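Colleague: sequence? don't have it. structure:
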DNA sequence: TCTTTAATTGGTCAAATGATCAACGACGGG
DNA sequence: CCCGTCGTTGATCATTTGACCAATTAAAGA
(Lines give C-alpha, C1' and ligand atoms only; values in the text may rest on other atoms or scores of the structure.)
Protein backbone atom coordinates (compact mmCIF):
# COMPACT_ATOMS: atom_id res chain seq x y z
CA UNK A 1 0.00 0.00 0.00
CA UNK A 2 2.78 2.40 0.84
CA UNK A 3 4.70 1.58 -2.28
CA UNK A 4 1.65 1.47 -4.47
CA UNK A 5 2.27 4.93 -5.77
CA UNK A 6 5.98 4.45 -6.17
CA UNK A 7 5.53 1.27 -8.15
CA UNK A 8 2.74 2.48 -10.39
CA UNK A 9 4.68 5.67 -10.98
CA UNK A 10 7.24 3.74 -12.98
CA UNK A 11 7.25 3.64 -16.74
CA UNK A 12 5.18 6.75 -17.20
CA UNK A 13 4.70 7.37 -20.88
CA UNK A 14 4.99 10.94 -22.14
CA UNK A 15 4.69 12.56 -25.56
CA UNK A 16 8.21 13.14 -26.88
CA UNK A 17 8.02 16.89 -26.75
CA UNK A 18 6.99 16.95 -23.09
CA UNK A 19 9.63 14.39 -22.15
CA UNK A 20 12.31 16.38 -23.94
CA UNK A 21 11.28 19.53 -22.10
CA UNK A 22 11.37 17.70 -18.80
CA UNK A 23 14.86 16.40 -19.50
CA UNK A 24 16.20 19.82 -20.44
CA UNK A 25 14.62 21.34 -17.33
CA UNK A 26 16.27 18.77 -15.11
CA UNK A 27 19.56 19.13 -16.98
CA UNK A 28 19.64 22.91 -16.50
CA UNK A 29 19.14 22.47 -12.77
CA UNK A 30 21.57 19.56 -12.49
CA UNK A 31 24.48 20.96 -14.50
CA UNK A 32 24.14 24.35 -12.82
CA UNK A 33 24.62 22.63 -9.50
CA UNK A 34 27.40 20.12 -10.21
CA UNK A 35 29.09 21.64 -13.26
CA UNK A 36 29.25 20.57 -16.88
CA UNK A 37 31.27 17.48 -15.93
CA UNK A 38 28.21 16.01 -14.23
CA UNK A 39 27.33 12.47 -15.29
CA UNK A 40 24.41 11.36 -17.42
CA UNK A 41 23.49 8.74 -14.82
CA UNK A 42 23.11 11.23 -11.98
CA UNK A 43 21.11 13.50 -14.25
CA UNK A 44 18.81 10.64 -15.27
CA UNK A 45 18.31 9.66 -11.65
CA UNK A 46 17.37 13.21 -10.73
CA UNK A 47 15.01 13.45 -13.70
CA UNK A 48 13.34 10.22 -12.64
CA UNK A 49 14.16 8.39 -15.86
CA UNK A 50 16.74 5.87 -16.99
CA UNK A 51 20.07 6.90 -18.39
CA UNK A 52 19.38 5.13 -21.69
CA UNK A 53 16.37 7.34 -22.29
CA UNK A 54 18.58 10.40 -22.50
CA UNK A 55 20.08 8.99 -25.67
CA UNK A 56 16.64 8.58 -27.17
CA UNK A 57 16.34 12.36 -27.21
CA UNK A 58 19.95 13.50 -27.53
CA UNK A 59 22.63 11.86 -29.60
CA UNK A 60 25.36 12.64 -27.11
CA UNK A 61 26.05 14.46 -23.90
CA UNK A 62 27.44 17.39 -25.89
CA UNK A 63 24.17 17.63 -27.78
CA UNK A 64 22.26 17.65 -24.51
CA UNK A 65 24.47 20.45 -23.23
CA UNK A 66 23.71 22.41 -26.38
CA UNK A 67 20.02 22.15 -25.54
CA UNK A 68 20.80 23.31 -22.00
CA UNK A 69 22.66 26.35 -23.32
CA UNK A 70 19.84 27.20 -25.68
CA UNK A 71 17.26 26.90 -22.91
CA UNK A 72 19.23 29.09 -20.55
CA UNK A 73 19.95 31.90 -22.99
CA UNK A 74 17.04 31.98 -25.35
CA UNK A 75 14.29 34.42 -24.49
CA UNK A 76 16.22 35.88 -21.61
CA UNK A 77 17.10 38.87 -23.73
CA UNK A 78 13.96 40.93 -23.96
CA UNK A 79 13.47 42.45 -27.42
CA UNK A 80 12.04 45.52 -25.70
CA UNK A 81 15.33 46.60 -24.17
CA UNK A 82 16.87 48.34 -27.20
CA UNK A 83 13.75 50.47 -27.62
CA UNK A 84 13.67 51.16 -23.89
CA UNK A 85 17.27 52.30 -23.90
CA UNK A 86 16.85 54.69 -26.82
CA UNK A 87 13.50 56.16 -25.78
CA UNK A 88 14.45 59.79 -25.26
CA UNK A 89 10.99 60.64 -24.03
CA UNK A 90 12.07 59.22 -20.70
CA UNK A 91 14.96 60.48 -18.57
CA UNK A 92 18.19 58.59 -19.16
CA UNK A 93 18.53 57.66 -15.51
CA UNK A 94 15.06 56.17 -15.47
CA UNK A 95 15.78 54.18 -18.62
CA UNK A 96 18.98 52.76 -17.19
CA UNK A 97 17.36 51.82 -13.90
CA UNK A 98 14.44 50.16 -15.65
CA UNK A 99 16.78 48.29 -17.94
CA UNK A 100 19.01 47.03 -15.15
CA UNK A 101 16.04 46.11 -13.01
CA UNK A 102 14.73 43.92 -15.81
CA UNK A 103 18.14 42.67 -16.88
CA UNK A 104 19.20 41.56 -13.41
CA UNK A 105 15.72 40.15 -12.89
CA UNK A 106 16.34 37.99 -15.96
CA UNK A 107 19.89 36.74 -15.38
CA UNK A 108 20.45 36.89 -11.62
CA UNK A 109 19.42 33.28 -11.22
CA UNK A 110 21.41 30.39 -9.84
CA UNK A 111 21.05 28.44 -13.09
CA UNK A 112 21.86 31.22 -15.52
CA UNK A 113 24.95 32.59 -13.82
CA UNK A 114 26.51 29.23 -12.99
CA UNK A 115 25.94 27.69 -16.42
CA UNK A 116 27.17 30.86 -18.11
CA UNK A 117 30.33 30.85 -16.01
CA UNK A 118 30.89 27.13 -16.53
CA UNK A 119 30.49 27.60 -20.27
CA UNK A 120 33.08 30.36 -20.15
CA UNK A 121 35.57 28.16 -18.33
CA UNK A 122 34.89 25.34 -20.76
CA UNK A 123 35.83 27.64 -23.62
CA UNK A 124 32.41 27.55 -25.23
CA UNK A 125 32.06 30.15 -27.96
CA UNK A 126 28.61 30.88 -26.60
CA UNK A 127 29.87 33.35 -24.02
CA UNK A 128 31.64 35.48 -26.54
CA UNK A 129 28.65 35.48 -28.85
CA UNK A 130 26.32 36.41 -25.99
CA UNK A 131 28.52 39.21 -24.68
CA UNK A 132 29.16 40.53 -28.17
CA UNK A 133 25.40 40.70 -28.49
CA UNK A 134 25.11 42.50 -25.16
CA UNK A 135 27.70 44.98 -26.30
CA UNK A 136 26.27 45.60 -29.75
CA UNK A 137 22.55 45.59 -28.95
CA UNK A 138 22.48 46.97 -25.41
CA UNK A 139 25.67 48.67 -24.28
CA UNK A 140 26.56 50.40 -27.55
CA UNK A 141 23.16 52.14 -27.83
CA UNK A 142 23.30 52.93 -24.13
CA UNK A 143 26.74 54.43 -24.59
CA UNK A 144 25.38 56.61 -27.41
CA UNK A 145 22.58 57.80 -25.15
CA UNK A 146 24.96 58.66 -22.35
CA UNK A 147 27.30 60.46 -24.73
CA UNK A 148 24.35 62.41 -26.06
CA UNK A 149 23.44 63.52 -22.55
CA UNK A 150 26.97 64.05 -21.31
CA UNK A 151 29.02 67.19 -21.52
CA UNK A 152 31.20 67.17 -24.65
CA UNK A 153 34.37 67.41 -22.60
CA UNK A 154 33.69 64.32 -20.46
CA UNK A 155 32.55 61.63 -22.85
CA UNK A 156 32.50 58.04 -21.59
CA UNK A 157 34.10 55.19 -23.50
CA UNK A 158 32.75 51.70 -23.96
CA UNK A 159 35.22 50.45 -21.36
CA UNK A 160 33.67 52.76 -18.76
CA UNK A 161 30.29 51.25 -19.49
CA UNK A 162 31.72 47.74 -19.14
CA UNK A 163 32.98 48.88 -15.77
CA UNK A 164 29.49 49.90 -14.65
CA UNK A 165 28.03 46.73 -16.10
CA UNK A 166 30.64 44.54 -14.43
CA UNK A 167 30.10 46.08 -11.03
CA UNK A 168 26.45 45.15 -11.30
CA UNK A 169 27.03 41.63 -12.64
CA UNK A 170 29.61 41.00 -9.92
CA UNK A 171 26.82 41.22 -7.39
CA UNK A 172 25.21 38.18 -8.99
CA UNK A 173 28.56 36.41 -9.16
CA UNK A 174 29.13 36.91 -5.46
CA UNK A 175 25.68 35.59 -4.72
CA UNK A 176 25.41 32.59 -7.02
CA UNK A 177 28.96 31.56 -7.84
CA UNK A 178 30.68 32.24 -4.53
CA UNK A 179 27.62 31.77 -2.31
CA UNK A 180 28.38 34.94 -0.41
CA UNK A 181 25.71 36.95 1.39
CA UNK A 182 24.39 39.81 -0.70
CA UNK A 183 21.58 42.33 -0.23
CA UNK A 184 18.13 40.94 -0.87
CA UNK A 185 17.29 43.95 -2.95
CA UNK A 186 19.82 44.72 -5.65
CA UNK A 187 18.17 47.83 -7.05
CA UNK A 188 19.24 50.27 -4.30
CA UNK A 189 22.87 49.31 -4.93
CA UNK A 190 22.42 49.55 -8.68
CA UNK A 191 20.65 52.87 -8.32
CA UNK A 192 23.56 54.37 -6.44
CA UNK A 193 26.04 52.93 -8.95
CA UNK A 194 24.12 54.37 -11.89
CA UNK A 195 23.87 57.74 -10.16
CA UNK A 196 27.59 57.84 -9.49
CA UNK A 197 28.23 56.88 -13.09
CA UNK A 198 25.98 59.54 -14.56
CA UNK A 199 27.27 62.19 -12.19
CA UNK A 200 30.78 61.29 -13.29
CA UNK A 201 29.81 62.45 -16.77
CA UNK A 202 28.07 65.55 -15.55
CA UNK A 203 24.58 64.26 -16.20
CA UNK A 204 22.22 65.63 -13.61
CA UNK A 205 19.36 63.52 -12.37
CA UNK B 1 71.05 9.47 -33.15
CA UNK B 2 67.97 11.58 -33.55
CA UNK B 3 66.27 9.95 -30.58
CA UNK B 4 69.37 9.94 -28.49
CA UNK B 5 68.33 12.99 -26.55
CA UNK B 6 64.75 11.89 -26.18
CA UNK B 7 65.77 8.53 -24.82
CA UNK B 8 68.46 9.76 -22.47
CA UNK B 9 66.11 12.45 -21.21
CA UNK B 10 63.93 9.82 -19.58
CA UNK B 11 64.03 8.97 -15.93
CA UNK B 12 65.57 12.17 -14.70
CA UNK B 13 65.91 12.01 -10.96
CA UNK B 14 65.07 15.10 -8.92
CA UNK B 15 65.18 15.91 -5.22
CA UNK B 16 61.63 15.49 -3.86
CA UNK B 17 61.13 19.16 -3.14
CA UNK B 18 62.02 20.24 -6.67
CA UNK B 19 59.89 17.51 -8.19
CA UNK B 20 56.94 18.50 -6.06
CA UNK B 21 57.31 22.12 -7.11
CA UNK B 22 57.48 21.10 -10.73
CA UNK B 23 54.30 19.03 -10.40
CA UNK B 24 52.38 21.85 -8.72
CA UNK B 25 53.57 24.30 -11.36
CA UNK B 26 52.37 22.04 -14.15
CA UNK B 27 49.11 21.34 -12.31
CA UNK B 28 48.32 25.05 -11.91
CA UNK B 29 48.81 25.59 -15.62
CA UNK B 30 46.95 22.43 -16.61
CA UNK B 31 43.89 22.75 -14.38
CA UNK B 32 43.54 26.44 -15.22
CA UNK B 33 43.31 25.48 -18.85
CA UNK B 34 41.07 22.42 -18.80
CA UNK B 35 39.20 22.84 -15.51
CA UNK B 36 39.36 20.96 -12.24
CA UNK B 37 37.92 17.85 -13.91
CA UNK B 38 41.14 17.37 -15.86
CA UNK B 39 42.72 13.94 -15.58
CA UNK B 40 45.84 12.94 -13.71
CA UNK B 41 47.11 11.18 -16.81
CA UNK B 42 46.99 14.25 -19.01
CA UNK B 43 48.58 16.30 -16.28
CA UNK B 44 51.39 13.77 -15.90
CA UNK B 45 51.97 13.73 -19.64
CA UNK B 46 52.20 17.50 -19.72
CA UNK B 47 54.55 17.52 -16.75
CA UNK B 48 56.77 14.97 -18.47
CA UNK B 49 56.40 12.36 -15.73
CA UNK B 50 54.40 9.21 -15.24
CA UNK B 51 50.95 9.25 -13.68
CA UNK B 52 52.05 6.97 -10.88
CA UNK B 53 54.63 9.48 -9.75
CA UNK B 54 51.87 11.96 -8.90
CA UNK B 55 50.76 9.61 -6.16
CA UNK B 56 54.24 9.53 -4.72
CA UNK B 57 53.83 13.20 -3.82
CA UNK B 58 50.07 13.53 -3.32
CA UNK B 59 47.78 10.97 -1.74
CA UNK B 60 44.90 11.78 -4.03
CA UNK B 61 43.80 14.12 -6.75
CA UNK B 62 41.95 16.20 -4.16
CA UNK B 63 45.18 16.61 -2.21
CA UNK B 64 46.96 17.72 -5.36
CA UNK B 65 44.23 20.28 -6.00
CA UNK B 66 44.69 21.56 -2.47
CA UNK B 67 48.33 22.19 -3.28
CA UNK B 68 47.26 23.96 -6.47
CA UNK B 69 44.90 26.21 -4.52
CA UNK B 70 47.59 26.97 -1.99
CA UNK B 71 50.09 27.82 -4.68
CA UNK B 72 47.67 30.09 -6.50
CA UNK B 73 46.51 32.04 -3.48
CA UNK B 74 49.42 32.08 -1.10
CA UNK B 75 51.65 35.10 -1.28
CA UNK B 76 49.43 36.82 -3.78
CA UNK B 77 48.06 38.99 -0.99
CA UNK B 78 50.78 41.46 -0.18
CA UNK B 79 51.05 42.16 3.55
CA UNK B 80 51.86 45.77 2.67
CA UNK B 81 48.38 46.56 1.36
CA UNK B 82 46.64 47.20 4.69
CA UNK B 83 49.28 49.70 5.68
CA UNK B 84 49.16 51.27 2.24
CA UNK B 85 45.41 51.70 2.44
CA UNK B 86 45.45 53.34 5.85
CA UNK B 87 48.45 55.58 5.27
CA UNK B 88 46.84 59.01 5.66
CA UNK B 89 50.04 60.76 4.74
CA UNK B 90 49.17 60.00 1.15
CA UNK B 91 46.05 61.20 -0.69
CA UNK B 92 43.24 58.65 -0.65
CA UNK B 93 42.99 58.58 -4.43
CA UNK B 94 46.67 57.82 -4.76
CA UNK B 95 46.40 55.03 -2.18
CA UNK B 96 43.49 53.44 -4.00
CA UNK B 97 45.18 53.63 -7.39
CA UNK B 98 48.40 52.18 -6.03
CA UNK B 99 46.49 49.40 -4.32
CA UNK B 100 44.46 48.44 -7.38
CA UNK B 101 47.51 48.66 -9.61
CA UNK B 102 49.27 46.14 -7.39
CA UNK B 103 46.17 44.06 -6.74
CA UNK B 104 45.26 43.63 -10.40
CA UNK B 105 48.91 43.07 -11.16
CA UNK B 106 48.78 40.16 -8.73
CA UNK B 107 45.53 38.45 -9.67
CA UNK B 108 44.85 39.39 -13.30
CA UNK B 109 46.52 36.25 -14.54
CA UNK B 110 45.06 33.45 -16.60
CA UNK B 111 45.83 30.88 -13.91
CA UNK B 112 44.58 32.80 -10.91
CA UNK B 113 41.26 33.94 -12.30
CA UNK B 114 40.33 30.65 -13.93
CA UNK B 115 41.25 28.48 -10.97
CA UNK B 116 39.51 30.85 -8.60
CA UNK B 117 36.36 30.78 -10.70
CA UNK B 118 36.50 27.01 -11.10
CA UNK B 119 36.89 26.64 -7.35
CA UNK B 120 33.82 28.81 -6.86
CA UNK B 121 31.76 26.70 -9.21
CA UNK B 122 32.99 23.55 -7.51
CA UNK B 123 31.71 24.89 -4.20
CA UNK B 124 35.13 25.06 -2.59
CA UNK B 125 35.06 26.93 0.70
CA UNK B 126 38.29 28.57 -0.37
CA UNK B 127 36.55 31.31 -2.33
CA UNK B 128 34.45 32.39 0.59
CA UNK B 129 37.44 32.41 2.89
CA UNK B 130 39.49 34.40 0.41
CA UNK B 131 36.78 36.97 -0.24
CA UNK B 132 36.00 37.27 3.45
CA UNK B 133 39.66 38.04 3.88
CA UNK B 134 39.56 40.62 1.10
CA UNK B 135 36.55 42.23 2.75
CA UNK B 136 37.94 42.24 6.28
CA UNK B 137 41.58 43.11 5.58
CA UNK B 138 41.33 45.29 2.50
CA UNK B 139 37.85 46.59 1.74
CA UNK B 140 36.71 47.28 5.30
CA UNK B 141 39.74 49.50 6.08
CA UNK B 142 39.38 51.12 2.69
CA UNK B 143 35.74 51.80 3.42
CA UNK B 144 36.73 53.43 6.70
CA UNK B 145 39.20 55.65 4.87
CA UNK B 146 36.65 56.70 2.30
CA UNK B 147 34.06 57.41 5.00
CA UNK B 148 36.64 59.49 6.81
CA UNK B 149 37.25 61.56 3.72
CA UNK B 150 33.64 61.71 2.55
CA UNK B 151 31.06 64.29 3.48
CA UNK B 152 29.00 63.09 6.45
CA UNK B 153 25.78 63.23 4.44
CA UNK B 154 26.99 60.94 1.63
CA UNK B 155 28.65 58.00 3.32
CA UNK B 156 29.35 54.91 1.23
CA UNK B 157 28.33 51.44 2.35
CA UNK B 158 30.30 48.24 1.97
CA UNK B 159 28.06 47.24 -0.89
CA UNK B 160 29.09 50.35 -2.81
CA UNK B 161 32.70 49.37 -2.40
CA UNK B 162 31.95 45.84 -3.62
CA UNK B 163 30.43 47.51 -6.65
CA UNK B 164 33.64 49.39 -7.40
CA UNK B 165 35.69 46.28 -6.73
CA UNK B 166 33.48 44.12 -8.94
CA UNK B 167 33.65 46.51 -11.85
CA UNK B 168 37.42 46.24 -11.73
CA UNK B 169 37.52 42.46 -11.30
CA UNK B 170 35.05 42.04 -14.15
CA UNK B 171 37.70 43.36 -16.50
CA UNK B 172 39.87 40.37 -15.64
CA UNK B 173 36.91 38.04 -15.97
CA UNK B 174 36.16 39.29 -19.46
CA UNK B 175 39.77 38.85 -20.42
CA UNK B 176 40.67 35.49 -18.91
CA UNK B 177 37.37 33.66 -18.43
CA UNK B 178 35.48 34.77 -21.53
CA UNK B 179 38.52 35.42 -23.71
CA UNK B 180 37.16 38.77 -24.81
CA UNK B 181 39.36 41.63 -26.03
CA UNK B 182 40.17 44.08 -23.26
CA UNK B 183 42.45 47.12 -23.04
CA UNK B 184 46.12 46.27 -22.69
CA UNK B 185 46.45 48.81 -19.92
CA UNK B 186 43.89 48.42 -17.16
CA UNK B 187 44.96 51.35 -15.02
CA UNK B 188 43.39 54.13 -17.12
CA UNK B 189 40.02 52.40 -16.82
CA UNK B 190 40.50 51.79 -13.11
CA UNK B 191 41.63 55.36 -12.62
CA UNK B 192 38.45 56.73 -14.14
CA UNK B 193 36.33 54.28 -12.11
CA UNK B 194 38.01 55.31 -8.87
CA UNK B 195 37.61 58.99 -9.72
CA UNK B 196 33.90 58.58 -10.44
CA UNK B 197 33.55 56.64 -7.20
CA UNK B 198 35.30 59.24 -5.06
CA UNK B 199 33.49 62.11 -6.75
CA UNK B 200 30.23 60.36 -5.97
CA UNK B 201 31.06 60.76 -2.31
CA UNK B 202 32.16 64.34 -2.70
CA UNK B 203 35.83 63.59 -2.31
CA UNK B 204 37.88 65.94 -4.43
CA UNK B 205 41.07 64.77 -6.04
C1' DT C 1 83.88 0.67 -6.98
C1' DC C 2 80.37 -1.20 -4.31
C1' DT C 3 76.35 -0.59 -1.57
C1' DT C 4 72.32 1.44 -0.15
C1' DT C 5 68.53 4.40 -0.55
C1' DA C 6 64.57 6.04 -2.63
C1' DA C 7 62.94 8.34 -6.82
C1' DT C 8 60.69 6.57 -10.81
C1' DT C 9 58.31 3.42 -13.85
C1' DG C 10 55.30 -0.10 -16.25
C1' DG C 11 51.61 -2.83 -15.29
C1' DT C 12 47.25 -3.56 -13.25
C1' DC C 13 42.74 -3.26 -10.71
C1' DA C 14 38.15 -1.60 -9.67
C1' DA C 15 34.87 1.74 -10.34
C1' DA C 16 32.80 5.19 -13.17
C1' DT C 17 31.13 6.76 -17.52
C1' DG C 18 29.43 7.58 -22.39
C1' DA C 19 27.01 5.02 -25.51
C1' DT C 20 24.27 1.05 -27.65
C1' DC C 21 20.59 -2.45 -28.32
C1' DA C 22 17.28 -6.03 -27.90
C1' DA C 23 13.23 -6.58 -25.36
C1' DC C 24 9.26 -4.88 -22.69
C1' DG C 25 4.88 -2.73 -22.15
C1' DA C 26 1.71 1.49 -22.16
C1' DC C 27 -1.36 3.66 -25.23
C1' DG C 28 -4.31 4.42 -29.38
C1' DG C 29 -6.65 2.46 -33.47
C1' DG C 30 -9.35 -1.13 -35.45
C1' DC D 1 -10.77 -7.10 -27.16
C1' DC D 2 -6.72 -7.52 -29.80
C1' DC D 3 -2.83 -5.49 -32.25
C1' DG D 4 0.79 -2.60 -33.60
C1' DT D 5 3.38 1.50 -32.60
C1' DC D 6 6.86 3.52 -30.14
C1' DG D 7 8.25 5.37 -25.61
C1' DT D 8 10.89 3.12 -22.18
C1' DT D 9 13.90 -0.09 -19.78
C1' DG D 10 17.65 -3.39 -18.12
C1' DA D 11 21.74 -5.24 -19.52
C1' DT D 12 26.05 -4.68 -21.58
C1' DC D 13 30.34 -2.92 -23.99
C1' DA D 14 34.49 -0.22 -24.52
C1' DT D 15 37.04 3.50 -22.46
C1' DT D 16 38.43 6.35 -19.15
C1' DT D 17 40.09 7.37 -14.68
C1' DG D 18 41.71 7.36 -9.80
C1' DA D 19 44.63 4.63 -7.22
C1' DC D 20 48.09 0.99 -6.10
C1' DC D 21 52.42 -1.98 -6.14
C1' DA D 22 56.32 -4.61 -7.27
C1' DA D 23 60.30 -3.95 -10.09
C1' DT D 24 63.77 -0.78 -11.87
C1' DT D 25 67.53 2.40 -11.69
C1' DA D 26 69.66 6.94 -10.83
C1' DA D 27 72.26 9.17 -7.30
C1' DA D 28 74.73 9.65 -2.79
C1' DG D 29 77.88 7.74 0.66
C1' DA D 30 81.54 4.47 2.25
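Modeller: All right, it came through fine. The shown structure was predicted, so the numbers you read here are calculated from the model rather than taken from an experiment.
Colleague: for chain A, longest helix please?
Modeller: Across chain A, the longest stretch assigned as helix under DSSP state H is helix A:16-34.
Colleague: buried residues, the helix or strand that that helix is followed by. List them.
Modeller: Using DSSP states H and E, the helix or strand that follows helix A:16-34 in sequence is helix A:40-47. Judged by neighbour count (16 or more other CB atoms under 10 Å in any protein chain shown), helix A:40-47 contains these buried residues: A:40, A:43-44, A:47. Where you see a C-beta, it was placed from the backbone N, CA and C, and this is true even at glycine.
Colleague: quick one: helix A:40-47 near DNA strand C?
Modeller: Yes. Interface with DNA strand C: helix A:40-47 contributes A:40-42 (CB under 7 Å from any atom of the strand).
Colleague: closest one of these to residue B:72?
Modeller: Taking CB to CB as the measure, residue B:72 sits nearest to residue A:42 out of these, at 28.6 Å.
Colleague: measure the closest one to residue A:177 for me?
Modeller: Between residue A:42 and residue A:177 the computed distance is 21 Å (CB to CB, to the nearest Å).
Colleague: how about the residues of chain A near chain B?
Modeller: Residues of chain A that fall close to chain B, judged by CB under 8 Å from any CB of the partner chain: A:35, A:37, A:114, A:117-118, A:120-123, A:127-128, A:131, A:159-160, A:162-171, A:173-174, A:177-180, A:182-183, A:189, A:192-193, A:195-197, A:199-200.
Colleague: buried subset of those residues, written for PyMOL?
Modeller: One line in PyMOL is enough to select the buried ones among those; burial here means 16+ other CB under 10 Å:
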select buried, chain A and resi 35+114+117+118+120+121+122+127+128+131+160+162+163+164+165+166+167+168+169+170+171+173+174+177+178+180+182+189+192+193+195+196+197+200
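Colleague: show me where chain A dips below the pLDDT cut-off.
Modeller: A:1-11, A:205 (pLDDT under 70).
Colleague: what about the helices in it?
Modeller: So, for chain A - with DSSP H - the helices run A:4-8, A:16-34, A:40-47, A:51-57, A:61-73, A:81-85, A:92-107, A:110-121, A:125-133, A:140-149, A:158-172, A:187-200.
Colleague: wait, does the fourth one contact DNA strand D?
Modeller: In this case it means helix A:51-57. Yes. Contact of helix A:51-57 with DNA strand D (CB under 7 Å from any atom of the strand) involves A:51-53, A:56.
Colleague: ok, those vs residue B:25, which is closest?
Modeller: residue A:51 (38.7 Å).
Colleague: wait, that closest one sits on residue A:42?
Modeller: No. With contact defined as CB atoms under 8 Å, residue A:51 does not reach residue A:42; the gap is 9.1 Å.
Colleague: any idea how far the residue nearest in space to the middle of chain A lies from residue A:61?
Modeller: With distances taken as CA atoms, centre = their mean, residue A:107 lies nearest the centre of chain A, 3.2 Å away. Residue A:107 sits 25 Å away from residue A:61, going by CB to CB.
Colleague: could you do residue A:43 as well?
Modeller: 9 Å.
Colleague: same deal with residue A:85?
Modeller: 38 Å.
Colleague: do residue A:127 as well
Modeller: In terms of CB to CB, residue A:127 sits 19 Å off from residue A:61.
Colleague: got it, and residue A:169?
Modeller: Taking CB to CB, one finds residue A:169 at 29 Å from residue A:61.
Colleague: wait, residue A:114 sits on residue A:177?
Modeller: Yes. Taking CB under 8 Å as the definition, residue A:114 is a contact partner of residue A:177 at 6.4 Å.
Colleague: mutual contacts of these two, please.
Modeller: residue B:121 (CB atoms under 8 Å, 6 or more residues apart in numbering or on different chains).
Colleague: show me what contacts the closest residue to residue A:167 other than its chain neighbours?
Modeller: Closest residue to residue A:167 apart from its sequence neighbours, by CB to CB, 6 or more residues apart in numbering or on different chains: residue B:167 at 3.3 Å. Residue B:167 is in contact with A:163-167, A:170, B:193, counting by CB under 8 Å, 6+ apart.
Colleague: and residue A:24, by the same measure?
Modeller: A:64, A:67-68, A:71.
Colleague: just the closest of those to residue B:141, please.
Modeller: Distances from residue B:141 to the contacts of residue A:24, taken by CB to CB, are shortest for residue A:68, at 42.6 Å.
Colleague: return the distance of stretch A:167-180 from the chain's centre.
Modeller: 12 Å (CA atoms, centre = their mean, to the nearest Å).
Colleague: circling back to that earlier point, flag every buried residue along the longest helix of chain A.
Modeller: The neighbour-count check on helix A:16-34 (16+ other CB under 10 Å) flags A:19, A:23-24, A:26-34 as buried.
Colleague: what subset of the residues you listed is also close to DNA strand C?
Modeller: By CB under 7 Å from any atom of the strand, no member of those lies near DNA strand C.
Colleague: of those residues, closest to DNA strand C?
Modeller: Nearest to DNA strand C, judged by CB to the nearest atom of the strand, of the buried residues of helix A:16-34 is residue A:34 at 9.6 Å.
Colleague: distance of the closest residue in space to that closest one that isn't next to it in sequence relative to residue A:21?
Modeller: Closest residue in space to residue A:34, ignoring its immediate chain neighbours: residue A:42 at 7.2 Å, by CB to CB, 6+ apart. Distance, residue A:42 to residue A:21, by CB to CB: 20 Å.
Colleague: CSV for the residues of helix A:51-57 next to DNA strand D, including neighbour count?
Modeller: Output for these, formatted as CSV (neighbours: other CB atoms under 10 Å in any protein chain shown):
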residue, neighbour count
A:51, 14
A:52, 9
A:53, 13
A:56, 13
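Colleague: how close does residue A:191 get to residue A:100?
Modeller: Applying CB to CB to residue A:191 and residue A:100 gives a distance of 9 Å.
Colleague: which of the two has more residues huddled nearby?
Modeller: residue A:100 (19 against 16; other CB atoms under 10 Å in any protein chain shown).
Colleague: mind listing what the residue lying closest to the more buried one once chain neighbours are set aside touches?
Modeller: Leaving aside its chain neighbours, residue A:100 sits nearest to residue A:190 (5.1 Å; criterion: CB to CB, 6+ apart). Listed by CB under 8 Å, 6+ apart, the contact set of residue A:190 reads A:97, A:100-101, A:104, A:168, A:171.
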